[in-house]
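> got a predicted structure plus its sequence, pasted below:
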Amino acid sequence: MGPHKNKGRRFPLLPLRGLLVYPSMVLHLDVGRDKSVKALEKAMVDDNLILLCSQSEVNIEEPTQEDIFRIGTVAKVRQMLKLPNGTIRVLVEGTERAEIMEYLDIEEYYEVIAVERPEIEPSEPEVDALMRTVLTQFEHYINLSKKVTPETLAAVSDIEEAGRLADVITSHLSLKIKDKQEILETIDVRERLEKLLDILNNEREVLELERKISQRVKKQMEKTQKEYYLREQMKAIQKELGEKEGRAGEVEELRSQLEAKTLPDSVREKTLKEIDRLEKMPISSAEGGVIRNYVDWLLSLPWDQQSEDDLDLAKAEQVLDEDHYGLDKPKERVLEYLAVQKLVKKLKGPILCLVGPPGVGKTSLARSIARSLGRKFVRVSQAACVMKQRFAGIEEPMSVQCRVESFKE
């Protein structure tokens with residue numbers, strides 16, 4: 001620390017938030033903090049030189065020594081202009097890298113002792129090759145990002161000093177402050193070019209991925225917009241004809257029916273999927289009729305209707321005796337089944353099935369059971385009922401519930 005202190009120079013320090021200045025850069029800064037303004041005034045009184053160092057965190061209003069990077073850029077203050085809002089706009093030009101060795105105990109502004117770190121321009125052929133490679137990668141970056149103008153590439157290509165080339169290119173990249181600071185702290189020019197090359201390669205890969213994702217999203221949007229446009233055209237043509245013709249009108253009618261009905265989510269999803277299939281199917285396809293019948297069947301079922309059971313066994317026995325003479329075993333089995341349902345209160349267990357030739361009373365017996373339970377009686381084929389149950393995964397009764405169990409003598 002001692003030898004450095006003897007070689008160091010006193011500089012007013014201006015901490016920068018979200019910004020980093022490299023040597024040979026000329027730019028405007030807006031300064032508003034009291035300590036920063038006083039540091040600028042001190043620089044103007046002396047030799048117009050000030051040390052610019054970046055903060056590690058942007059949101060810190062009063063940074064301490066630990067919040068400021070040790071290596072910064074010595075800059076010459078070219079102009080100062082006081083703005084109406086009290087902020088000072090200053091034009092600075094970076095000259096050399098410098099490292100802070102000691103903070104001086106001054107309350108009004110930051111003042112430090114810093115040692116300038118001049119760089120030595122190497123002349124090895126490898127450095128020339130690195131410069132060309134960096135320029136090539138920077139050109140790829142410009143083509144992908146579109147944030148840097150082609151004129152910038154032409155201006156950068158004229159730079160002959162390797163260190164300055166690395167600094168200028170880094171200043172045009174959209175990097176985090178810590179990444180830019182890493183380039184600033186690399187005094188060795190060859191090592192600086194290698195680090196910059198790694199950064200450019202990484203940025204190029206990220207930009208290529210962003211472009212692929214953007215193109216994929218664009219294609220999907222274009223496909224959706226095209227489909228929407230074609231559908232609207234079809235609707236317009238049908239409107240001009242004054243009628244709904246072909247598959248489009250049929251599909252639109254089915255969708256309207258689907259929206260108007262209250263269905264379980266699984267049923268609605270399946271029905272909508274079948275309607276979409278029907279829409280994409282040629283009107284001449286035989287399978288279209290099968291799908292249409294299937295969708296009509298799904299929409300016709302009373303998914304949202306149910307009736308409460310009146311499990312009064314005495315009433316059920318009275319109704320069965322009134323409607324049917326004899327049939328003691330079937331009636332006894334029905335009453336037994338209703339008694340179990342009254343106890344468990346769930347539709348689980350064996351399924352009743354009435355089996356016999358036409359005219360023996362299967363339907364009338366089922367109608368009597370419905371009357372005794374206070375249910376609406378609707379005839380639905382067994383296959384349709386089973387499909388309905390499997391499809392929706394229902395356990396509670398709807399308007400009709402099929403029960404299967406054979407009666408054996």
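Now that the structure is in, tell me what you want to look at.
> who's in contact with stretch 63-72?
13, 15, 21, 51-57, 60, 97-100, 103, 114, 117, 181, 184-185 (C-beta atoms under 8 Å, 6 or more residues apart in numbering). Backbone N, C-alpha and C define where each C-beta goes, glycine included.
> and what of stretch 161-178?
Contacts to stretch 161-178, defined as C-beta under 8 Å, 6+ apart, come from residues 18-20, 22-25, 54, 56, 58, 119, 121-122, 127, 130-131, 134-135, 138, 141, 145, 147-148, 152, 156, 159, 180, 183-184, 189-190, 192-193, 196, 199-200, 203.
> now do 6 Å
Residues lying outside stretch 161-178 but in contact with it, judged by C-beta atoms under 6 Å, 6 or more residues apart in numbering, are 20, 22, 24, 54, 119, 121, 127, 131, 138, 148, 156, 159, 180, 183, 189, 192-193, 196.
> now do the contacts for the residue nearest to Gly72 when sequence neighbours are not counted.
What sits nearest to Gly72 in space, not counting adjacent residues and going by C-beta to C-beta, 6 or more residues apart in numbering, is Cys53, at 3.3 Å. Counting by C-beta under 6 Å, 6+ apart, Cys53 touches Ile68, Phe69, Gly72.
> kindly list the longest helix within the chain.
Of all the segments assigned as helix in the chain under DSSP state H, the longest by residue count is helix 189-241.
> can you tell me the SS state at Leu81?
Taking DSSP: H, G, I helix; E, B strand; the rest coil as the rule, one finds Leu81 in the strand state.
> show me the contacts for it.
Contacts of Leu81 were listed using C-beta under 6 Å, 6+ apart, and they are Arg89.
> how near is it to Thr87?
As for Leu81, its distance to Thr87 is 10 Å (criterion: C-beta to C-beta, to the nearest Å).
> domain map for the chain?
The chain is divided into the following domains under automatic domain parsing: 2-116, 119-241, 246-300, 313-392.
> buried ones in the strand ranked longest in the chain?
Ordering each strand of the chain by length in residues (DSSP state E) puts strand 88-103 first. Of the residues in strand 88-103, Ile88, Val90, Val92, Glu93, Gly94, Thr95, Arg97, Ala98, Glu99, Ile100, Met101 count as buried by neighbour count, 16 or more other C-beta atoms under 10 Å.
> pretty sure the last one sits against Gly8.
Just to be clear, that refers to Met101. Yes: with contact taken as C-beta atoms under 6 Å, Met101 and Gly8 are classed as touching, separated by 5.1 Å.
> what do the two both touch?
Once C-beta under 6 Å, 6+ apart is applied, the residues that Met101 and Gly8 both contact turn out to be Ile113, Val115.
> would you mind listing where the stretch 251-400 of the chain has pLDDT under the threshold?
Judged against pLDDT under 70, the low-scoring parts of the stretch 251-400 of the chain cover residues 282-284, 304-313, 316, 321-324, 328, 345-350, 374-400.
> 50 instead, please
383-384, 386-400 (pLDDT under 50).
> what about the strands in it?
In chain order, the stretch 251-400 of the chain shows no strands, with DSSP state E, counting those that start in this stretch as the criterion.
> secondary structure class for Val21?
Taking three-state DSSP as the rule, one finds Val21 in the coil state.
> how many residues are close by it?
Each residue near Val21 was counted by other C-beta atoms under 10 Å, and the total is 25.
> same check on the one 4 residues further on?
Counted with other C-beta under 10 Å, the neighbours of Met25 add up to 18.
> could you check how far it is from Ala236?
When distances are taken as C-beta to C-beta, Met25 and Ala236 turn out to be 60 Å apart.
> please apply the same query to Ile50.
Applying C-beta to C-beta, one obtains 69 Å for the distance of Ile50 from Ala236.
> name the residue in the two with the higher neighbour count.
Ile50 (24 against 10).
> beta-bridge partners for the more buried one, please?
Note on Ile50: beta-bridge partners Ala75, judged by DSSP bridges.
> cool, and the one 5 residues further on?
When assigned by DSSP bridges, Gln55 has beta-bridge partners Ile68.
> next, the contact list for it, please.
Pro15, Arg17, Pro63, Asp67, Ile68.
> distance of it relative to Leu13?
Counting by C-beta to C-beta - Gln55 and Leu13 are separated by 11 Å.
> what's the answer for Glu250, then?
The span separating Glu250 from Leu13 equals 78 Å under the rule C-beta to C-beta.
> same check, this time on Tyr141
When distance is defined by C-beta to C-beta, Tyr141 is 33 Å away from Leu13.
> more neighbours, these two?
Counted by other C-beta under 10 Å, Tyr141 and Leu13 do not tie: Leu13 has more neighbours, with 25 against 22.
> the more buried one and Leu51 touch, don't they?
Yes: if you go by C-beta under 6 Å, Leu13 and Leu51 touch, sitting 5.0 Å apart.
> so who does Pro12 touch?
Applying C-beta under 6 Å, 6+ apart as the definition, the contact partners of Pro12 turn out to be Ala39, Lys42, Ala43, Ile50, Glu111.
> the second one: what secondary structure?
What that stands for is Lys42. Three states are possible here, and by three-state DSSP the one that applies to Lys42 is helix.
> residue contacts, it?
With C-beta under 6 Å, 6+ apart as the criterion, the residues that contact Lys42 are Pro12.
> 8 Å instead?
Lys42 sits next to Pro12, Tyr109, Glu111 when contact means C-beta under 8 Å, 6+ apart.
> now swap in the third one and tell me
When contacts are counted by C-beta under 8 Å, 6+ apart, Ala43 touches Pro12, Leu49, Ile50, Val77.
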